[in-house]
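S.K.: mind folding the following:
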Amino acid sequence: MPVPKRILYIFSFSKAQIRFLKYCLGFFIPVVLAYLALELLVLNIPINYKLFGKYLETHSQEIEVMGLGSSQVKCGFNPEFCDKTAINLASTSQHHNEDFNILKGTVYRLPKLKYVLLELSYNHLELPHHPDDYWKNTIYLKYYNVNAFERPTWFKDRLVYLSNAHFYSHILMDYYFYKTNKTELNEYGFDTNNHEGAFKKLNYDESKIATHKFKIITREDLDIFKKNTAYFFKMLDYAKTEDLKVIVCTLPLYKTYLKERNQNIVRRRDSVLKIIKSKYKNVVLLNEETDTLNFTANDFLNENHLNPDGAKKFTDLINRKLDSLN
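M.R.: All right, here's what the predicted structure looks like:
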């Protein structure tokens, strides 16, 4: 039979253990407090995701049009000029799997949603999807209440700063210390002051733009193309079952970018556009990638993104497509 005294002290700690625990608490408590401070600072910055989420919540009963896609749609579609109540949930480097998760995660909250804008730009089908632990999944969960993790979520999944500390550290410095952030977001989260790009630095001088170096992906990947194409058709099938009309768009590219495209990639993408046009009656195409007449240097931020002036023009084209769908 155990000695009663030993039972009484079975959960006691030695002096060395107590010192170690105090050391740990002394180290981790300041770290946790510092992180909480950083998290609160980030949450107070007026970033576009925050406004997207707010607009999604406050106008859920009115939204008829949803824009999805990467930075090209983010920069090219301004809901302010849309003839119907619209939201643009596109963001930098967002791919089709994020688009699909956002659509599936919000459609049941939007009783008037009728139209969805999807992107099929130049090499979209030959870029790999992001993994299930992609850092932006935290953004979607925090601000849109959309679970893109493909698993049950827990507390850490909603911590914005922790999702990409390097990225948000730069934003914190720019916003609070350097004061270099010139973003002017309207109520839809669209940056109406987004002119500070390569073309403005070159004074929109076409002769200087012609010699400007830029990055373009020309790498081909047939396996990714097949996988992404099948996935995109799956998205269109879903939209059809939900009785949604879809505008599949390619956004304008500046003429120097157009010349550097890998034509094999272009041909494969265009072949998919042809299939979509013939197969899906609920889909229309807005193929503006090569429109160099309506979109001039003054409409571009850089070689493959529109500025707010170009976005107004492109949104007007979306309005025409919406009219045709009606």
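
S.K.: how much space separates the closest residue to T92 other than its chain neighbours from Y176?
M.R.: With CB to CB, 6 or more residues apart in numbering as the criterion, T92 has its nearest non-adjacent residue at 4.2 Å, and that residue is S71. Backbone N, C-alpha and C define where each C-beta goes, glycine included. Here S71 is placed at a distance of 24 Å from Y176 (CB to CB, to the nearest Å).

S.K.: pick out whichever of those two has more residues nearby.
M.R.: Set side by side, S71 and Y176 show more neighbours around S71, with 18 against 12, by other CB atoms under 10 Å.

S.K.: pretty sure the more buried one contacts H95?
M.R.: No: counting by CB atoms under 8 Å, S71 stays clear of H95, with 11.4 Å between them.

S.K.: just checking, V146 touches N101?
M.R.: Yes: using CB under 8 Å, V146 is in contact with N101, at 6.1 Å.

S.K.: list residues touching both of the two?
M.R.: Residues touching both V146 and N101 by CB atoms under 8 Å, 6 or more residues apart in numbering: Y140.

S.K.: okay, these two: which has more neighbours?
M.R.: Higher neighbour count among V146 and N101: V146, with 22 against 19, using other CB under 10 Å.

S.K.: for the more buried one, list the residues it contacts.
M.R.: Residues near V146 by CB under 8 Å, 6+ apart: N101, I102, G105, T106, Y140.

S.K.: repeat that with 10 Å
M.R.: Counting by CB atoms under 10 Å, 6 or more residues apart in numbering, V146 touches 53, 56, 89, 98, 101-106, 109, 137, 139-140.

S.K.: swap in K281?
M.R.: By CB under 10 Å, 6+ apart, K281 lies in contact with K240, K245.

S.K.: before we move on, which element is it in?
M.R.: Applying DSSP states H and E as the criterion places K281 outside every helix and strand.

S.K.: how near is it to D316?
M.R.: Look at K281 and D316: by CB to CB, they are 25 Å apart.

S.K.: buried set for whichever strand or helix holds R267?
M.R.: Using DSSP H and E, R267 sits in helix 263-279. Buried residues in helix 263-279, counted by 16 or more other CB atoms under 10 Å: I265, R268, R269, V272, I276.

S.K.: for the contacts of V146, which ChimeraX command selects only the ones that are buried?
M.R.: In ChimeraX, a selection of the buried entries from the contacts of V146 looks like this (16+ other CB under 10 Å):
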select :53,56,89,98,101,102,103,105,106,137,139,140
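
S.K.: and the contacts of V146, which of them are in helices?
M.R.: In this view, the contacts of V146 that belong to helices under DSSP state H are G53, L56, E98, N101, I102, L103, K104, G105, T106, N137, I139.

S.K.: between these, which sits nearest L236?
M.R.: Checking these against L236 with CB to CB, the nearest one is L103 at 11.2 Å.

S.K.: wait, the closest one touches Y115, no?
M.R.: No: taking contacts as CB atoms under 10 Å, L103 lies outside contact range of Y115: 11.8 Å.

S.K.: so which bits of the helix or strand encompassing K321 are buried?
M.R.: In this assignment (DSSP H and E), K321 forms part of helix 308-325. Buried residues in helix 308-325, defined by neighbour count with 16+ other CB under 10 Å: P308, G310, A311, K312, K313, F314, T315, L317, I318, N319, K321, L322.

S.K.: give me the mean pLDDT for that helix.
M.R.: Averaging pLDDT along helix 308-325 gives 95.

S.K.: next one: stretch 193-202
M.R.: For stretch 193-202, mean pLDDT rounds to 93.
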